[in-house]
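Asker: Build the 3D model from these lines:
(one chain, ligands or ions: 1)
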Amino acid sequence: MDSAIYSNTQTAFIAVFVAVTVAVLFGGLYHKLKPSPPNLPPGSFGFPIVGELIGWVRALNAGTPYKWIEERVARYGPIFKTSFMGNRTVIVTGPVGNKFVFTSGDDALKSHQFKPVVYIFGEQSIFEVHGARHKLVRGAIAGFLRPESLQRSIPLMSSLVKQYLLKEVEGKESVIGLIMLKRIAFKVSCALLFSLTNDEETDTLFNEFTLLVKGLWAIPIYLPFTVYYRAIAARRRIYDRFSAILDERRQRLEDGSVSPNDDVIATMLSIRDEEGRALPRQEIIDNLITLVFASHDTGMSLNASFVRRLAMDEVTLERVYEEHTKILSEMKDGTPTWSDILKMKYTWCVAQELMRIDPPALGNFRKAARDIDFNGYTIPKGWNIHWVTYTHMDKTAFPDPEKFDPTRFEGVSKSFPPYMYVPFGGGQRACPGNDYARVSLSLIVHHLVMNYRWSMLVPDEPMVRSAFAYPAMNLPIKIFKKEAA
Ligand code: HEM
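Answerer: Take a look at the predicted model:
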């Protein structure tokens, strides 16, 4: 990268760091001086500057965020205020709160990520755009992830999963399950979404994305050798690589050797806004980066939680195995199709129950675009609103909520009250990747249970979470291939 641009970026980041520090230091004072609406939600802003961040992060890491929330719900009710590093935040916890977030338009609640996170995904990521622009970009992404489009890709996905599993396990007695599953999901996504299949290239990108994602949960100090600094440097290298891929793909679209529906890159290059303009280069790349992040850490969380469950729960393993044996016996050539995925019903019940207890994403943030009245309180303009999956532990909808019981999801007649079960969010920002996640999980489980045996090297390894739920020690497992019958 050009050194002048580099040093400008560096200066800009140091300036932002200083500005953020000053803002945090004086933010508290500003909030004290600024008149507040009389009917703010109850709650506590915690300590000066950090607010309640330390306690919240501690609860996340201990896997007890619901307990942290529960204590506050008992004290203040289902809607309460808090503060994270000077960011005034309202946490909404029940189905009514979820409905409020999922059904409010952009004019009231805007999608919102904290500034250091925005520098990682990019300022033109889908998370940052609103209104017609959001609809346009989301339409392109969601169109590619719809069941009708995914169906065509299932044979390819299946053969990639099979091949990558073998490669990860071959010649080894044990592997770190989480990393194995993450790499498989990453490589399958690269092939499906971006048509990238070269192993060397995807290995390099995998390492870069690992650095990038670490920056999301690091202290955002942009000084050489900090985790955050390395994440931004990784973003720059990923940007350059995607930029070259974009040029090559544009060329191939022009000469007709690639069509707009072939992958997400071709789709993004082909869409036009209402004035007939193409998306700028940065917007496409920011969205490719966002898509990799959105798909592979959440998916990895679910897949790892599934593999852990099967290793520690004989009864569930037996039922899943029976289901897959039957489906395999009915397949024409051993290659699953969309209708086979739909037949893997019990597998999906297990996945849904795992996402209820340990949701891959705990929730997400919005920002109040104006003063908003909700449930008798006023949420001031500029405050954050955090919706959470706390409803997953609601006793009325999920009796004995701590108990793992996939049969809760069996049978079409059983449906839960609206806005109770929300692992994929809801409304206009709901996850467009839920079908893709289902296909990917089902195929990984299928090839694993039919061809491998595994056991946990850390018995009863608990689930913890940073932003995502994951096994505390990254799931070291002993794994071996079954003898062919
Ligand atoms: C188990 C897997 C997954 C879970 C639990 C999950 C969960 C979520 C959640 C909770 C949100 C935020 C919704 C909100 O704020 O209301 C979200 C957004 C998003 N997810 Fe997923 N996700 C998963 C997999 C995927 C996959 C596989 C993809 C793509 C291939 C994907 C792409 C996205 C995108 C693009 C958004 C932003 C949507 C927007 O702002 O309009 N996700 N996801």
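
Asker: burial count for Ala74?
Answerer: Neighbourhood size, Ala74 [other C-beta atoms under 10 Å]: 8. C-beta: built from backbone N, CA, C; applies to glycine.

Asker: can you check Arg72 too?
Answerer: 19.

Asker: After the helix or strand containing it, which helix or strand is next?
Answerer: In the assignment (DSSP states H and E), Arg72 maps to helix 65-76. Following helix 65-76 in sequence order, the next helix or strand is strand 79-84 (DSSP H and E).

Asker: Work out the gap between that next one and the centre of the chain.
Answerer: 23 Å (C-alpha atoms, centre = their mean, to the nearest Å).

Asker: ditto for stretch 440-450
Answerer: The answer for stretch 440-450 is 20 Å, by C-alpha atoms, centre = their mean.

Asker: Could you pull out the buried residues of it?
Answerer: For stretch 440-450, the neighbour count (16 or more other C-beta atoms under 10 Å) marks Ser440, Leu441, Ser442, Leu443, Ile444, Val445, His446, His447, Leu448, Val449 as buried.

Asker: any chance of those in a markdown table, plus secondary structure, pLDDT and distance to the ligand?
Answerer: Shown next, in a markdown table, are the buried residues of stretch 440-450 (DSSP: H, G, I helix; E, B strand; the rest coil; pLDDT from 0 to 100; distance: C-beta to the nearest ligand atom, whole Å):
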| residue | secondary structure | pLDDT | distance to the ligand |
| --- | --- | --- | --- |
| Ser440 | helix | 96 | 7 |
| Leu441 | helix | 97 | 7 |
| Ser442 | helix | 98 | 12 |
| Leu443 | helix | 97 | 13 |
| Ile444 | helix | 97 | 12 |
| Val445 | helix | 98 | 13 |
| His446 | helix | 98 | 17 |
| His447 | helix | 97 | 18 |
| Leu448 | helix | 98 | 17 |
| Val449 | helix | 98 | 19 |
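
Asker: From those residues, pick the one nearest Phe480.
Answerer: Distance to Phe480, by C-beta to C-beta, is smallest for Leu448 among those, at 11.8 Å.

Asker: So the closest one versus Pro462, what's the distance?
Answerer: Using C-beta to C-beta, to the nearest Å, one gets 22 Å for the distance from Leu448 to Pro462.

Asker: likewise Leu443?
Answerer: In terms of C-beta to C-beta, Leu443 sits 27 Å off from Pro462.

Asker: how about the helix holding Arg72 as PDB, C-alpha atoms only?
Answerer: Written as PDB, here are the backbone C-alpha positions of helix 65-76 (Å, rounded to 0.1, in the frame of the first residue of the first chain):
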ATOM      1  CA  PRO A  65     -24.900 -13.500  30.400                       C
ATOM      2  CA  TYR A  66     -28.500 -14.600  31.100                       C
ATOM      3  CA  LYS A  67     -27.800 -14.600  34.800                       C
ATOM      4  CA  TRP A  68     -26.400 -11.100  34.500                       C
ATOM      5  CA  ILE A  69     -29.500 -10.000  32.700                       C
ATOM      6  CA  GLU A  70     -31.800 -11.900  35.100                       C
ATOM      7  CA  GLU A  71     -30.400 -10.000  38.100                       C
ATOM      8  CA  ARG A  72     -31.200  -6.700  36.400                       C
ATOM      9  CA  VAL A  73     -34.700  -7.900  35.300                       C
ATOM     10  CA  ALA A  74     -35.400  -8.800  38.900                       C
ATOM     11  CA  ARG A  75     -34.300  -5.400  40.000                       C
ATOM     12  CA  TYR A  76     -35.600  -3.100  37.200                       C
END
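
Asker: contacts for that helix?
Answerer: Residues outside helix 65-76 that contact it (C-beta atoms under 8 Å, 6 or more residues apart in numbering): 41-43, 55-56, 59, 80, 82, 91, 93, 362, 388, 390, 393, 465.

Asker: cutoff 7 Å now
Answerer: With contact meaning C-beta atoms under 7 Å, 6 or more residues apart in numbering, helix 65-76 is reached by Pro42, Gly43, Gly55, Trp56, Ala59, Phe80, Ile91, Thr93, Leu362, Val388, Tyr390, Met393.

Asker: Look up the closest residue to the last one, ignoring the ones flanking it.
Answerer: Distance criterion C-beta to C-beta, 6 or more residues apart in numbering; nearest residue to Met393, sequence neighbours excluded, is Pro401 at 4.5 Å.

Asker: Is the one you found located within a strand, as I assumed?
Answerer: No - looking at Pro401 with DSSP: H, G, I helix; E, B strand; the rest coil, it is coil, so not inside a strand.

Asker: ok, back up a step: which of the contacts of helix 65-76 fall in helices?
Answerer: Gly55, Trp56, Ala59 (DSSP state H).
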